[in-house]
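S.K.: Below: sequence and its predicted model.
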Amino acid sequence: MLDNFVLRAAKSGQADICGGVLERLRQAGAERAGFVLYPLIEFGMEVPPLLRSSSDLKSVAVFKDANFAVAAQANTLDGAFNNLKKMASALGIKARISRSDIEHHVRAGNMKWFTSNPLLLVRLSSHTGAYYENQFVYTLKIRIAAAQIVMLHALIVDAGIKIERFSSSAVVNNSETWDIRHYLIGEATQAEKPLSIRRVPMNVAALELVRLSDLAVTLSTRTLKRPKFRSLKQRITPVLRSIEEGYLGHVNITSKEKVHARVYRRLVTALDWYRHSFGSRTKESEAIVALAVAFETLLTDHYAPGGATRIARRIGICLKTDPKLDEYQVSVIAVYHARSEIVHSGDGGHETEISSAQAAFAKCFVEVASRLDQLNRSMVDPIRELLGDALTEEEKKAKEAALKA
């Protein structure tokens, strides 16, 4: 879009091309907020017991500072449309959403998910000329929102708060579909006009997009209101926002800062593996492998022998003041050893409890990401150096051997 604006300003013959571009962007309302609406699979909100009501249990959870909201499946067009409006309004999206536009897309086919699946709405300002030109931005924002959802779920479970199976909308009145072929974009392209609703096919990176939908966790608006978890949200949100901005600036747009690009790419990749450990169709062995890879990607710079010892040591650095440090280290090492047996011997018959390790990852990620302001281009092992970890003699020898090879 920016290319077109620059070309038009240059062709106009005006002297101040930058000023002309900014003025046209202002006239186009480039800052007006819209959304991307994405279906979820197996996600649930805590609901009241049958035939009871509860004022603090809602079917919609809004994360205003993080610019996203989630809603349980509505199972009717009216209910889904009302949830859409509720989420958009709560996130400060002022442009009107036309019901007829939504109905048009739903009736066009392959949109059963709008009524039968949980919904994730991410607030953004988007102006596109083609289907896929901004998809890298959309998917990054969805990945970051999904990461916050699974992190909060893991920390809530770790605190001993579990939602009974039949208190989750994921299993109550659930007729969701896996037939997901599109997502919706709402763009505020004209002042005083309804949002322009676009239905985008999942033709590009289709498997990645569908896997983004798979969030087999349950949240509770009652629990999220507790001071402890409100505080956690307030810490997680800015950290993940900084990751999003860093990834966009150094990876998506490709800066010359190679160390920054490498670290941000690793951190977002770690989040992807972490999210996979919560997948609804993920076997126990696959969840263990995904979580182990997430820890390796987060806490190491490259492969070297003694990975389990190194990861345990760096968890100790990240969580040195946490009263559950010993429990977390034991849990993560159990996951790491189970992963080795699965990968090297094909033995996936272990019953390994991973919930504690999932909580440990969330806490370690926040700690690592909170140190990124210290990142600089001269770092050789940026993760190790950010954490202030010293190489053991064995690790020094392994590194020297790798360099010689």
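M.R.: Sure thing, it's come through.

S.K.: From here on, just use CA atoms for contacts and neighbour counts.
M.R.: Will do.

S.K.: which stretches of the protein aren't confidently modelled?
M.R.: By pLDDT under 70, the low-scoring segments of the chain are 1, 50-52, 347-351, 402-403, 405.

S.K.: Could you chop it up by domain?
M.R.: By the record's domain assignment, the chain is partitioned as 32-221, 229-404 (automatic domain parsing).

S.K.: need these in TSV with distance to Ser12, can you?
M.R.: Converted to TSV, the domains of the chain look like this (distance: least, CA to CA, whole Å):
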stretch	distance to Ser12
domain 32-221	21
domain 229-404	28
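
S.K.: any idea where the strands of the stretch 51-200 of the chain begin and end?
M.R.: Secondary structure of the stretch 51-200 of the chain (DSSP state E, counting those that start in this stretch): strands at 60-63, 68-71, 119-124, 182-187, 196-201.

S.K.: Can you list the strands that the first one pairs with?
M.R.: Which is strand 60-63. Neighbouring strands of strand 60-63 in its sheet, by DSSP bridges, are strand 68-71 (antiparallel).

S.K.: Return the set of buried residues in the strand it pairs with.
M.R.: If you call a residue buried by 16 or more other CA atoms under 10 Å, then strand 68-71 has these buried ones: Phe68, Ala69, Val70, Ala71.

S.K.: So in terms of bridging, what pairs with the spatially closest residue to Ile142 that is not a sequence neighbour?
M.R.: Of all residues not flanking Ile142 in the chain, Val122 sits nearest, at 7.1 Å (CA to CA, 6 or more residues apart in numbering). Beta-bridge pairing of Val122 under DSSP bridges involves Val36, Phe68.

S.K.: OK, contacts around Val122?
M.R.: Phe35, Val36, Leu37, Asn67, Phe68, Ala69, Lys141, Ile142, Ala145 (CA atoms under 8 Å, 6 or more residues apart in numbering).

S.K.: does Val380 count as helix, strand or coil?
M.R.: Under DSSP: H, G, I helix; E, B strand; the rest coil, Val380 falls in the coil class.

S.K.: what's around it, how many residues?
M.R.: 11 (other CA atoms under 10 Å).

S.K.: Can you tell me which of the contacts of Val122 comes closest to Gly13?
M.R.: Nearest to Gly13 out of these is Phe35 (CA to CA; 35.4 Å).

S.K.: roughly how far apart are that closest one and Ile17?
M.R.: From Phe35 across to Ile17, the span is 30 Å (CA to CA, to the nearest Å).

S.K.: okay, those two: which has more neighbours?
M.R.: Phe35 (25 against 18).

S.K.: Quick check: Val157 touching Ala357?
M.R.: No. Checked against CA atoms under 8 Å, the pair Val157 and Ala357 is beyond contact range at 11.3 Å.

S.K.: the more surrounded of these two?
M.R.: Ala357 (26 against 17).

S.K.: Look up phi and psi at the more buried one.
M.R.: phi -70, psi -40 (degrees, to the nearest 10).

S.K.: which residues touch it?
M.R.: Tyr328, Gln329, Ser331, Val332, Val335.

S.K.: Determine the set of other helices and strands touching the host helix or strand of Ala287.
M.R.: Per DSSP states H and E: Ala287 is located in helix 284-299. For helix 284-299, the elements it packs on are helix 258-276, helix 307-318, helix 325-345, helix 355-369, helix 382-387, judged by 3 or more CA pairs under 8 Å, 6 or more residues apart in numbering; DSSP states H and E.

S.K.: List of residues touching the following helix or strand past the shortest one?
M.R.: In this case it means helix 382-387. Per DSSP H and E, the first helix or strand lying C-terminal to helix 382-387 is helix 393-404. Contact partners of helix 393-404, identified using CA under 8 Å, 6+ apart, comprise Ala304, Pro305, Gly306.

S.K.: how about the nearest residue to His182, chain neighbours excluded?
M.R.: Pro201 is the one closest to His182 (CA to CA, 6+ apart), at 4.4 Å.

S.K.: How many neighbouring residues does that neighbour have?
M.R.: 14.

S.K.: List the residues that contact it.
M.R.: Tyr131, Arg181, His182, Tyr183.

S.K.: thinking the third one is in contact with Arg199, fair?
M.R.: Yes. Using CA under 8 Å, His182 is in contact with Arg199, at 6.2 Å.

S.K.: Between the two, which is the more surrounded one?
M.R.: His182 (22 against 18).

S.K.: Can you give me the distance of the more buried one to Ala206?
M.R.: Distance of His182 to Ala206, given as CA to CA: 10 Å.

S.K.: how about the contacts of Val122 in TSV, adding distance to Asn252?
M.R.: Shown next, in TSV, are those (distance: CA to CA, whole Å):
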residue	distance to Asn252
Phe35	20
Val36	19
Leu37	22
Asn67	20
Phe68	21
Ala69	25
Lys141	12
Ile142	15
Ala145	18
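
S.K.: and of those, the nearest to Lys112?
M.R.: Relative to Lys112, the closest of the contacts of Val122 is Leu37; by CA to CA it sits at 13.7 Å.

S.K.: isn't that closest one right up against Tyr183?
M.R.: Yes. The criterion here is CA under 8 Å, and Leu37 meets it with Tyr183 at 6.1 Å.

S.K.: Have a look at those two and say which one is more surrounded.
M.R.: Neighbours per residue (other CA under 10 Å) separate Leu37 from Tyr183, with Leu37 holding more: 24 against 18.
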